[in-house]
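>>> Give me the fold of what follows.
(chains A and B)
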Amino acid sequence: MKPIYFDNHATTQLDPRVLQAMLPYFTDMFGNSASRNHAYGWEAEEAVEKSRGQIASLIGANSKEIVFTSGATESNNLAIKGVAEMYAEKGNHIITAATEHKAVLDTCKHLEKKGCRVTYLPVMGDGRIDLEMLQSAITDKTILISIMYANNEIGVLQPIAEIGKLAKERGVLFHTDAVQAVGKVPVNVISDNIDLMSITAHKMYGPKGVGALYVRRKGPRVQLTAQLDGGGHERGMRSGTLNVPGIVGLGEACAIAKAEMAEEAKKLSGMRDRLRAKFEAALDEVFINGSMEHRLPHNLNMSFAYVEGESLLMGINDIAVSSGSACTSATLEPSYVLKALGLGDDMAHTSIRFGLGRFNTDAEVDYVADKLISVVKKLRELSPLYEMVKEGIDLSKVQWTAH
Amino acid sequence: MAYSDKVLDHYNHPRNVGSMDKSDSAVGTGMVGAPECGDVMKLQIKVNPLTGIIDDAKFKTFGCGSAIASSSLATEWLKGKTVDEALAIKNTDIVNELALPPVKIHCSVLAEDAIKAAITDYKVKQGADVAALAQAH
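Numbering: from 1, shown residues only, chains lettered A, B, ... in the order given. Predicted coordinates for the structure are as follows:
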């Protein structure tokens, strides 16, 4: 039997309705949407334009403002590098935050080598940025603020409308990586004053390998330096033959999200809250990471103190979740997001991220809760730290032999 | 990551979990690692004063599956050995027995350190000179 899937921040299962919408574009309707002189091209172009409309409708944009990409990593690269190059004469300063995805952080690091100056705002204990700190970080050289809509590890929502308002007042462009938020919570580029926004299909029950960048056309008209040279597709901002089946899938995923989001969010937050309540009723020394008030409905990130994350995952190998523990990461460093909240490495090592999704059931929530509780109890029997705490020893006062 | 069957067996059925009285003069306690590093091992031995043989060994470990398995295996190997025989256990023996991948070798090193720390503690309790012990190791 395959594990229960509670890792919906990593990716989501393709919705069968999305697959159905995509299928004809792999076979009969295989045309290149840029072919202007025959029916194959026309039907492909029509499908692409329909998708553009579906995406725009979900986020309050105009369909002409949607640029298709290969996914959010490309969208983030295009937005940040494209603005940095296009507006180089205006300034060279970018503001972002410590808890951003690597696709934003590493793009900014790349630009620092090219002469840009980047401010990495710290976050508060709840995972949100301090608006006053943002305000005072803006200089007359600032050309871009890039702050994510919702965090991929802790699900914390940033004060996007306030950031957008501030950016507009100061004449600075505002980009947001919204891959975790779009289709999950209401997102509106007009009311939030967003100038550029990264979206990906596979986080919202669509296919992998396709995404979009929203690029505002008026008030202000945002210009980007293209990062790929070629046929000048997508208003010259992103050359390359369009991935028509993928784009159809992204559009359909957006249409479904628009119709079902409100009800789905209610269902998922209910399941999430029950999961949390079960942990807190059965276990002591468990802690929520990040704000519960400003949070995606389907995210729970908890530290199970004195139990190391990888050993916990090993005991729940019939459940797919992820951990902030160093042992589970490629870099062997504990989660930089959790450390940015001020968590010590010891607590980051004990964290588990639960990402609920459209296809999860109440029975799965009960199973996951019961299984996790029993494994945490078993591993605490094995934990010298838990034993010491129960004996009244203050672990912060112990002289450890770090290695 | 895929674990070897032996790591899984020790993780699912850890041997000799528990604690012994730290103040008992026949008990040596070793605690190594740090919570910030993601692993802490506590390993204890109880030595028979007449024979010099390790009669009992216990462990508790905070750490990944490989760290738990390394310390569980160490307690199995310690029982029935003299203190000097126990000092001969090398981390590479643990790596080979559990088929640990390169990224998990530090778990075996930690287990060897825990064995040595427990033996040192025992010897100190028996009146040995700490400085001399440090040199001997």
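>>> From the centroid of the chain, which residue is nearest?
Since you didn't name a chain, this refers to chain A. A:Gln180 (3.5 Å; Cα atoms, centre = their mean).
>>> right idea, wrong chain: chain B
Geometric middle of chain B (Cα atoms, centre = their mean) lands on B:Ile115, at 3.8 Å.
>>> quick one: contacts for that residue?
B:Gly30, B:Leu43, B:Ala74, B:Leu78, B:Ala86, B:Leu87, B:Ile89 (Cβ atoms under 8 Å, 6 or more residues apart in numbering or on different chains). (Glycine included, C-beta is placed from N, CA and C.)
>>> Phi and psi next, for it.
The phi/psi pair for B:Ile115 (degrees, to the nearest 10) reads phi -60, psi -50.
>>> coming back round to it: and the contacts of B:Ile115, which of them are in helices?
Among the contacts of B:Ile115, the members falling in helices (DSSP state H) are B:Ala74, B:Leu78, B:Ala86, B:Leu87.
>>> Compare these and tell me which is most surrounded.
Highest neighbour count within the ones in helices among the contacts of B:Ile115: B:Ala74, with 30 neighbours (other Cβ atoms under 10 Å in any protein chain shown).
>>> which SSE is B:Ala57 in?
Using DSSP states H and E, B:Ala57 sits within strand B:54-62.
>>> what about that strand and chain A, any contact?
Yes - shown here: strand B:54-62 in contact with chain A (Cβ under 8 Å from any Cβ of the partner chain) through B:Lys60, B:Thr61, B:Phe62.
>>> Which elements pack onto that strand?
Counting contacts by 3 or more Cβ pairs under 8 Å, 6 or more residues apart in numbering or on different chains; DSSP states H and E, strand B:54-62 packs against helix A:362-382, helix A:384-390, strand B:39-47, helix B:65-78.
>>> Next, the buried residues of that strand.
Residues of strand B:54-62 classed as buried by neighbour count (16 or more other Cβ atoms under 10 Å in any protein chain shown): B:Ile54, B:Asp56, B:Ala57, B:Lys58, B:Phe59, B:Lys60, B:Thr61, B:Phe62.
>>> Show me which of those is closest to A:Tyr367.
B:Phe62 (26.0 Å; Cβ to Cβ).
>>> hang on, isn't the closest one packed against B:Cys37?
No - judged on Cβ atoms under 8 Å, B:Phe62 makes no contact with B:Cys37 at a distance of 10.1 Å.
>>> Please compute how far the helix or strand containing B:Val124 lies from its chain's middle.
Assigned by DSSP H and E, B:Val124 belongs to helix B:105-125. Mean-position distance between helix B:105-125 and its chain equals 6 Å (Cα atoms, centre = their mean, to the nearest Å).
>>> and it, what's its mean pLDDT?
Per-residue pLDDT values across helix B:105-125 average out to 95.
>>> in it, what's buried?
Buried, per 16+ other Cβ under 10 Å, within helix B:105-125: B:105-123, B:125.
>>> what's the answer for stretch B:34-48, then?
The neighbour-count check on stretch B:34-48 (16+ other Cβ under 10 Å) flags B:34-47 as buried.
>>> Kindly reformat these as CSV containing distance to A:Val337 and pLDDT.
Shown next, in CSV, are the buried residues of stretch B:34-48 (distance: Cβ to Cβ, whole Å; pLDDT from 0 to 100):
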residue, distance to A:Val337, pLDDT
B:Ala34, 22, 90
B:Pro35, 19, 89
B:Glu36, 17, 86
B:Cys37, 19, 85
B:Gly38, 17, 87
B:Asp39, 22, 91
B:Val40, 24, 95
B:Met41, 28, 96
B:Lys42, 31, 97
B:Leu43, 34, 97
B:Gln44, 37, 97
B:Ile45, 41, 97
B:Lys46, 44, 97
B:Val47, 47, 96
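>>> For these, which two are the farthest from each other?
B:Glu36 and B:Val47 (32.1 Å).
>>> returning to that earlier point: kindly reformat the buried residues of strand B:54-62 as a markdown table containing pLDDT.
Shown next, in a markdown table, are the buried residues of strand B:54-62 (pLDDT from 0 to 100):
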| residue | pLDDT |
| --- | --- |
| B:Ile54 | 97 |
| B:Asp56 | 97 |
| B:Ala57 | 97 |
| B:Lys58 | 97 |
| B:Phe59 | 97 |
| B:Lys60 | 97 |
| B:Thr61 | 97 |
| B:Phe62 | 95 |
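>>> Which one of those is nearest to A:Lys208?
Nearest member of those to A:Lys208, counting by Cβ to Cβ, is B:Phe62, at 36.7 Å.
>>> If that closest one is in a bridge, with which residues?
B:Val40 (DSSP bridges).
>>> tell me the contacts of it?
So B:Phe62 contacts A:306-308, A:382-386, B:33, B:35, B:39-41 (Cβ under 8 Å, 6+ apart).
>>> again, only using 6 Å
Residues near B:Phe62 by Cβ atoms under 6 Å, 6 or more residues apart in numbering or on different chains: A:Glu308, A:Ser383, A:Leu385, B:Val40.
>>> quick one: which of those is most hemmed in?
Among the contacts of B:Phe62, the one with the most neighbours (other Cβ under 10 Å) is A:Glu308, at 31 neighbours.
>>> Can you give me the pLDDT of the residue of the stretch 1-150 of chain A found nearest chain B?
Closest residue of the stretch 1-150 of chain A to chain B, Cβ to the nearest Cβ: A:Pro3 (14.5 Å). A:Pro3 is assigned a predicted lDDT (pLDDT) of 96.
>>> Quick check: it vs A:Thr11, distance?
14 Å (Cβ to Cβ, to the nearest Å).
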